[in-house]
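**Student:** this one's structure only:
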Ligand code: AMP
Ligand code: GLY
């Protein structure tokens, strides 16, 4: 079987590695992939947003099955376009990907179907938003409606900060049309949990839970990033909470999308906050999380391609999705300065021992050498029976990778470990 994976980061590398475990897979094309995954996939220089290019390539190369991993192509209708040429795909169609593509849509969905989330208001006019902020409870959370490269959320600690955020989204259009509408919502507190789930619209099977570390610095300080590391499972996510989430959030969301005529097939990501009033949805994503995937898929025992095809065919209820016991930790290695300014093109060396644990996000081959090509360069994942072993091993392996000005947080998993010990 010839597979095509749209996307080019660490998440896609983890998906590709797992897909390769199926002996029927003869070739995997990554569009665009990156130089760091060249041993696992044939990287093709077609951008993830180039829907026409992707479809042409898939048809010309007789691709048997496609996986569309990033949000942009999903929201742009890559799955619809591939399916129209008879190519079966993993991922939601555009009318379902809107659950991530529009925060206004997702908030209204949750309100209409009584799915617990932060209280909110939607604004289409700058003046009305500013007026509302005169009396809104502080801190408050400002969200651009559309996709904004993961940067469209501002937690404002003061009224002025909130107003600045609204002005930059609605007047200065820092996120373009994504800021035409903004959601202003209640600030929630509690541990955050990421839960990815396979669903074919009829059955929903949550994967092992995980915990992201979004801030650049140790102890959750510094700027927000695309994710500096993850652990799975998330110790705050107990069996009781999982059952409650299934009942009040996961199944109601799947059914709500069906009722709206927007059946969601693919990986539905629930960003949850375990508030004192119970679990609430912080955000939905229409895809696998990055870097959550880099700890979740290494714990998957079942064959990923089989599960994905069951999602596509609507036979998930007859398919086993099994995760192994144990823990995974992923440490992201970044270029110093990320997420602000950082160097690229630094020679990257990954020892043979570490390579199978490495999911490369930003690298390319230049003059026959592997060099860095992004702020987040790669993630190193270790799986072990206990969380402390997984953390120790992930750092041991991460320390074997070299490039100039390598930076990583040194406390990935520390909070989870503390929570485990507290239980
Ligand atoms: P996002 O960029 O959508 O991943 O959101 C960034 C982060 O903002 C989330 O991971 C949360 O930590 C935080 N966040 C989003 N909404 C809220 C909220 N209503 N209350 C508190 N924190 C929030
Ligand atoms: N790790 C958060 C995301 O993938 O959006």
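**Tutor:** Everything's here; your move. Only a predicted model underlies this, so the values are computations on that prediction, with no experimental measurement involved. Ligands and ions are numbered 1, 2, ... in the order given.

**Student:** so what's the most centrally placed residue in the chain up against?
**Tutor:** Nearest residue to the geometric centre of the chain (C-alpha atoms, centre = their mean): residue 289, 1.7 Å. Listed by C-beta atoms under 8 Å, 6 or more residues apart in numbering, the contact partners of residue 289 are 11, 194, 196, 210, 212, 227, 269. C-betas here are computed from N, CA, C, even on glycine.

**Student:** try 7 Å
**Tutor:** Residues in contact with residue 289 (C-beta atoms under 7 Å, 6 or more residues apart in numbering) are 194, 196, 269.

**Student:** Also residue 338?
**Tutor:** Residue 338 makes contact with 216, 225, 375, 376, 407, according to C-beta under 7 Å, 6+ apart.

**Student:** and residue 271, helix, strand or coil?
**Tutor:** strand (DSSP: H, G, I helix; E, B strand; the rest coil).

**Student:** So what sits opposite it in the bridge?
**Tutor:** According to DSSP bridges, the residues that bridge with residue 271 are residue 194, residue 283.

**Student:** now swap in the one 4 residues further on and tell me
**Tutor:** Beta-bridge partners recorded for residue 275 (DSSP bridges): residue 278.

**Student:** There's contact between it and residue 187 in this structure, I believe.
**Tutor:** No. Assessed by C-beta atoms under 7 Å, residue 275 is found out of contact with residue 187, at 10.4 Å.

**Student:** Can you tell me the SS state at the residue in the stretch 251-400 of the chain positioned nearest to ligand 2?
**Tutor:** The nearest approach of the stretch 251-400 of the chain to ligand 2 comes at residue 289, 3.5 Å away (C-beta to the nearest ligand atom). The local conformation at residue 289, judged by three-state DSSP, is coil.

**Student:** and it, how far is that from ligand 1?
**Tutor:** 9 Å (C-beta to the nearest ligand atom, to the nearest Å).

**Student:** Residue numbers of the stretch 51-200 of the chain in contact with ligand 2?
**Tutor:** Where the stretch 51-200 of the chain comes near ligand 2, counting by C-beta under 6 Å from any ligand atom, the residues are residue 150.

**Student:** Skip the chain neighbours and tell me the closest residue to residue 371.
**Tutor:** Once flanking residues are discounted, residue 371 sits nearest to residue 345: 5.0 Å by C-beta to C-beta, 6 or more residues apart in numbering.

**Student:** need the contact list for the one you found.
**Tutor:** For residue 345, the contact set (C-beta under 7 Å, 6+ apart) comprises 366, 371, 372.

**Student:** Backbone dihedrals for the first one, please?
**Tutor:** The reference is to residue 366. Main-chain torsions, residue 366, degrees, to the nearest 10: phi -130, psi 130.

**Student:** tell me the SS of residue 296?
**Tutor:** Of the three states, residue 296 takes helix under three-state DSSP.

**Student:** Pull the number of nearby residues for it.
**Tutor:** By other C-beta atoms under 10 Å, 29 other residues sit near residue 296.

**Student:** got a list of what it touches?
**Tutor:** Residue 296 makes contact with 196, 207, 208, 210, 232 under the criterion C-beta under 7 Å, 6+ apart.

**Student:** Identify the farthest-apart pair in the residues you listed.
**Tutor:** For these, the maximum inter-member distance is 9.8 Å, found between 196 and 232 (C-beta to C-beta).

**Student:** And residue 222, how far from residue 212?
**Tutor:** Distance of residue 222 to residue 212, given as C-beta to C-beta, to the nearest Å: 15 Å.

**Student:** By neighbours, which of the contacts of residue 289 wins?
**Tutor:** residue 194 (27 neighbours).

**Student:** surely it meets residue 292?
**Tutor:** Yes. Counting by C-beta under 7 Å, residue 194 touches residue 292, with 4.8 Å between them.

**Student:** Most neighbours of all the contacts of residue 296, which one?
**Tutor:** Busiest of these [other C-beta under 10 Å] is residue 232, holding 32 neighbours.

**Student:** which residues sit in contact with that one?
**Tutor:** 208, 209, 210, 295, 296, 299, 327, 328.

**Student:** Please name the bridge partners of the closest residue to the third one other than its chain neighbours.
**Tutor:** Nearest in space to residue 210, with sequence neighbours left out and distances taken as C-beta to C-beta, 6+ apart, is residue 232 at 4.0 Å. With DSSP bridges as the criterion, residue 232 is bridged to residue 328.

**Student:** Could you check the pLDDT of residue 232?
**Tutor:** Per-residue pLDDT puts residue 232 at 98.

**Student:** Next, work out how far apart it and ligand 2 are.
**Tutor:** Applying C-beta to the nearest ligand atom to residue 232 and ligand 2 gives a distance of 12 Å.

**Student:** next one: residue 413
**Tutor:** 15 Å.

**Student:** Next, work out how far apart that residue and residue 398 are.
**Tutor:** 12 Å.

**Student:** Comparing the two, which residue is more hemmed in?
**Tutor:** Neighbours were counted for residue 413 and for residue 398 using other C-beta under 10 Å; residue 413 has more, 29 against 26.

**Student:** Could you pull up the residues touching the more buried one?
**Tutor:** Residue 413 touches 231, 329, 387, 391, counting by C-beta under 7 Å, 6+ apart.

**Student:** Lovely, talk soon.
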